[in-house]
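**Q** I'll drop the sequence and a predicted model, then ask my questions.
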Amino acid sequence: MNLTRKGGLAVATAAALATIAAGLAPAAAQLAPRDSAAPAVTHYQGTRGVTHLMPRTARRTPGSGPAHMFSKGARHRPGAHFSALEAVPVAGSSAVSRSATSTRTLSNFNGTSSRDSQFTNYNLEFEPPDQGLCEGNGFVLEPVNSAYRIFRTNGKTIRGPFNVNDLFNVGGKEFTSDPRCWYDRATTTWFSTILFLNDTGTVGTVLIAVRHAKDPLGLWNEYSIDATDPGGRGCPCFGDQPRIGIDQQNLYITADEFSIQHPPFNGAELWVIDKAGLVAGKPKVNFVQFTHLSIAGHQTMAPQPALSVGKTNAEFMLSSLDFNNAGDHRLGLWAITNRAAVTAGGLPTLSSTVINSEAYASPPKPPQKGSPSTLDGGDDRMQQTAFTGGTVWGELGTAVTPAGDTTPRAGGAWFQVKPRLASGVVAGGSIVRQGYVAVRGKYLIYPAVQPDAAGNAAMVFTETSRSMFPSSAYATLRAGASNFGAPVVSARGSGPYFKGSTRWGDYSFAVPATESDSAWLATEYIPPKSSQTTDGQQNWGTRVVQVPLG
């Protein structure tokens, strides 16, 4: 679980994640030939299920008590860490394009913060934020661990801060983490997802909150999908870091199955959920689950499903393939077809293949100004995926040696992929553009990319170095350009991250604006003291920025 909560009941789920590395990675990954006329395609078998509309209950009151605390370590890919033995890519002079990044922001304001989380959680202090972000019709919703606010697009708060559990209609004793959200323009519907553990630590579920309206202000419908997997190894289990994807047919959620009480990692899982049923608020909604996903003969962490704009001929997903922590130069390309079958209780088709890409590797730990403590820069799993204009985009954190530098830094690797279908399954894909965002002497962590249909894009990330406090930054890419422009700092950090932890992230977020050709971006940074916890023990905040694309 991408969350550490201080104090309270400790659960050893994240202890000794490295001990299960062997269960994920064989001794060596077999690289596919660079020019394969007919790439191998993997097929998967799904299982039908039904999720039920949860009954509305009275909202909890301040006297109902705090949530149980679950002390969790970073949910990295098992065994993933920067290693001198991995193949670190070297960025050429084109790693930052000579075309300038737009420095004109349409909005730029402080988002939900550690103080909000403290205020709404009985003075308990959580990390990291794991912020989601969605925008629609002049409203911006940002849920984090473990609070949320609703803003106007100028940054004015119109609701909140509230406890994030309230959005999912669960009580104060239940544990939630890793919220994400999306506003679906086609159906004027808001969606949000989060992982859930009951107050006894015996049941894990994925929660889905849905509001079919132009605004996110009123009541939401809530659905629950059981992720306990009672027959699984080391279970009861939960679906860690649920990733969200959507298209015109379905809502897609992927997650990594971990035991609640013990270290075992049981592989990646996927739920394909009938979107029309969710939008209509039906009491029963069909879904199909795929478990124990593998690709190229290896068990894998969950792929990122695409947040899709417009009508698509499949739902696409991307994943990285660094199975043995040695770096890699391949991507997993996944497709879900026959998607309409889910509505009627049928099975969609899930397939995957492997394509070649630029190299990437797990990033080193970034330093920060004013503290000997380094930050947790994460690993090289795929961070977020978007589909628009006929191509699927993804990005990940990587070790990279910038041009003119001699030391591996943390940077962003990005990919624009043109997928190809044949006979109803994924048949391959070609790289349209790819590159690195890397700066000499700087560390750029937890990237998230949002493109438009024309091929413009914006990437958001935290920027830090020995001479810079952790700050919010972004870069933009112009259609036809070879790479992103130089990073622009949207909000400078006010100090170092507090010395009690190295946690950061565990992801940023980027979504398209609904009323202009622009992107909404959110990432973690160190805000002014007015947004930090009152005791100074947690000082993280988030920054929300809107930047033009076209």
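**A** Received the coordinates, thanks.
**Q** any idea which helix or strand in this protein has the lowest mean pLDDT?
**A** helix 21-24 (a mean of 32; mean pLDDT, DSSP states H and E).
**Q** C-terminal to that one, what's the next element?
**A** As assigned by DSSP states H and E, the chain's next helix or strand after helix 21-24 is strand 42-44.
**Q** for that next one, which strands pair with it and how are they oriented?
**A** Sheet partners assigned to strand 42-44 using DSSP bridges are listed as strand 349-360 (antiparallel).
**Q** what packs against the helix or strand following the strand it pairs with?
**A** The helix or strand immediately downstream of strand 349-360 is strand 382-388, counting by DSSP H and E. The contact analysis (3 or more Cβ pairs under 8 Å, 6 or more residues apart in numbering; DSSP states H and E) places strand 382-388 against strand 304-308, strand 315-320, strand 391-400, strand 443-451, strand 509-512. For every residue, glycine as well, the C-beta is placed using N, CA and C.
**Q** for Val210, give me the backbone phi and psi.
**A** phi -140, psi 130 (degrees, to the nearest 10).
**Q** ok, now how distant is it from Ser192?
**A** Counting by Cβ to Cβ, to the nearest Å, the gap from Val210 to Ser192 is 8 Å.
**Q** name the nearest residue to Gln249, ignoring sequence neighbours.
**A** In space, and not counting its chain neighbours, Gln249 is closest to Arg339: 4.0 Å by Cβ to Cβ, 6 or more residues apart in numbering.
**Q** cool, and Gly245?
**A** Going by Cβ to Cβ, 6+ apart, Gly245 has Pro305 as its nearest residue, at 2.4 Å.
**Q** mind listing what's buried in stretch 432-448?
**A** Across stretch 432-448, burial judged by 16 or more other Cβ atoms under 10 Å covers 433-440, 442-448.
**Q** which SSE is the closest residue to His298 other than its chain neighbours in?
**A** Closest residue to His298 apart from its sequence neighbours, by Cβ to Cβ, 6+ apart: Phe323 at 4.8 Å. Using DSSP H and E, Phe323 sits within no helix or strand.
**Q** burial measure for Phe323, as a count.
**A** A count of nearby residues for Phe323, using other Cβ atoms under 10 Å, gives 24.
**Q** okay but it is in contact with Met301, surely?
**A** No - using Cβ atoms under 8 Å, Phe323 is not in contact with Met301; the gap is 9.6 Å.
**Q** hmm, back to that, Arg492: which of the buried residues of stretch 432-448 is nearest?
**A** Lys442 (13.4 Å; Cβ to Cβ).
**Q** state the distance from the closest one to Val488.
**A** Lys442 is 13 Å from Val488, by Cβ to Cβ.
**Q** for Gly404, same thing?
**A** Gly404 sits 20 Å away from Val488, going by Cβ to Cβ.
**Q** what's the answer for Tyr443, then?
**A** Counting by Cβ to Cβ, the gap from Tyr443 to Val488 is 16 Å.
**Q** do the same with Arg478
**A** Distance of Arg478 to Val488, given as Cβ to Cβ: 14 Å.
**Q** same check on Ile431?
**A** Distance of Ile431 to Val488, computed by Cβ to Cβ: 26 Å.
**Q** out of these two, which sits in the busier spot?
**A** Per other Cβ under 10 Å, whichever of Ile431 and Val488 has more neighbours is Val488, with 19 against 15.
**Q** surely the more buried one and Val437 touch.
**A** No - contact criterion Cβ under 8 Å: Val488 and Val437 do not qualify, at 11.6 Å.
**Q** okay, and the common contacts of these two?
**A** Ala475 (Cβ atoms under 8 Å, 6 or more residues apart in numbering).
**Q** ok so, going back, backbone dihedrals for the residue nearest to Gln249, please?
**A** Torsion angles, degrees, to the nearest 10, at Arg339: phi -70, psi -30.
**Q** need the contact list for it.
**A** 247, 249-250, 272, 314-315, 348.
**Q** now, which of these lie within helices?
**A** Secondary structure assignment (DSSP state H) places none of the contacts of Arg339 within helices.
**Q** in a markdown table, list those along with distance to Cys235 and pLDDT.
**A** Compiled in a markdown table, the contacts of Arg339 are given as follows (distance: Cβ to Cβ, whole Å; pLDDT from 0 to 100):
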| residue | distance to Cys235 | pLDDT |
| --- | --- | --- |
| Asp247 | 31 | 98 |
| Gln249 | 31 | 98 |
| Asn250 | 26 | 98 |
| Val272 | 22 | 98 |
| Ala314 | 32 | 98 |
| Glu315 | 28 | 98 |
| Pro348 | 26 | 98 |
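**Q** now neighbour count too, for those residues, in TSV please.
**A** Listed next are the contacts of Arg339 as TSV, based on neighbours: other Cβ atoms under 10 Å:
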residue	neighbour count
Asp247	25
Gln249	23
Asn250	28
Val272	27
Ala314	25
Glu315	26
Pro348	22
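**Q** redo the residues you listed as a markdown table? Include distance to Ala359.
**A** Formatted as a markdown table, the contacts of Arg339 follow (distance: Cβ to Cβ, whole Å):
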| residue | distance to Ala359 |
| --- | --- |
| Asp247 | 30 |
| Gln249 | 35 |
| Asn250 | 33 |
| Val272 | 32 |
| Ala314 | 27 |
| Glu315 | 27 |
| Pro348 | 33 |
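**Q** low-scoring stretches of this protein, by residue?
**A** Counting by pLDDT under 70, the chain contains low-confidence ranges at 1-38, 58-80, 93-100.
**Q** same thing but at 50, please
**A** Filtered on pLDDT under 50, the chain yields the residue ranges 1-36, 58-76.
**Q** for it, just list every one of the helices.
**A** Taking DSSP H as the test, the helices found in the chain are 21-24, 114-119, 164-167, 275-280.
**Q** out of those, which is closest to Lys418?
**A** helix 275-280 (25.1 Å).
**Q** list the buried ones in the closest one?
**A** 275-279.
**Q** rewinding a little: farthest pair in the buried residues of stretch 432-448?
**A** Greatest spatial distance among the buried residues of stretch 432-448 (Cβ to Cβ): Arg433 and Tyr443, at 23.7 Å.
**Q** which stretches in the stretch 451-550 of the chain count as strands?
**A** Remark: strands assigned in the stretch 451-550 of the chain by DSSP state E, counting those that start in this stretch are 457-465, 468-477, 488-491, 509-512, 518-525, 541-548.
**Q** actually, the stretch 51-200 of the chain.
**A** Ranges of strands in the stretch 51-200 of the chain, per DSSP E, counting those that start in this stretch, are 107-110, 126-127, 134-136, 139-144, 147-152, 157-163, 175-184, 189-197.
**Q** I'd like these laid out as JSON lines, including mean neighbour count.
**A** Formatted as JSON lines, the strands of the stretch 51-200 of the chain follow (neighbours: other Cβ under 10 Å):
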{"stretch": "strand 107-110", "mean neighbour count": "19"}
{"stretch": "strand 126-127", "mean neighbour count": "26"}
{"stretch": "strand 134-136", "mean neighbour count": "25"}
{"stretch": "strand 139-144", "mean neighbour count": "27"}
{"stretch": "strand 147-152", "mean neighbour count": "22"}
{"stretch": "strand 157-163", "mean neighbour count": "18"}
{"stretch": "strand 175-184", "mean neighbour count": "25"}
{"stretch": "strand 189-197", "mean neighbour count": "25"}
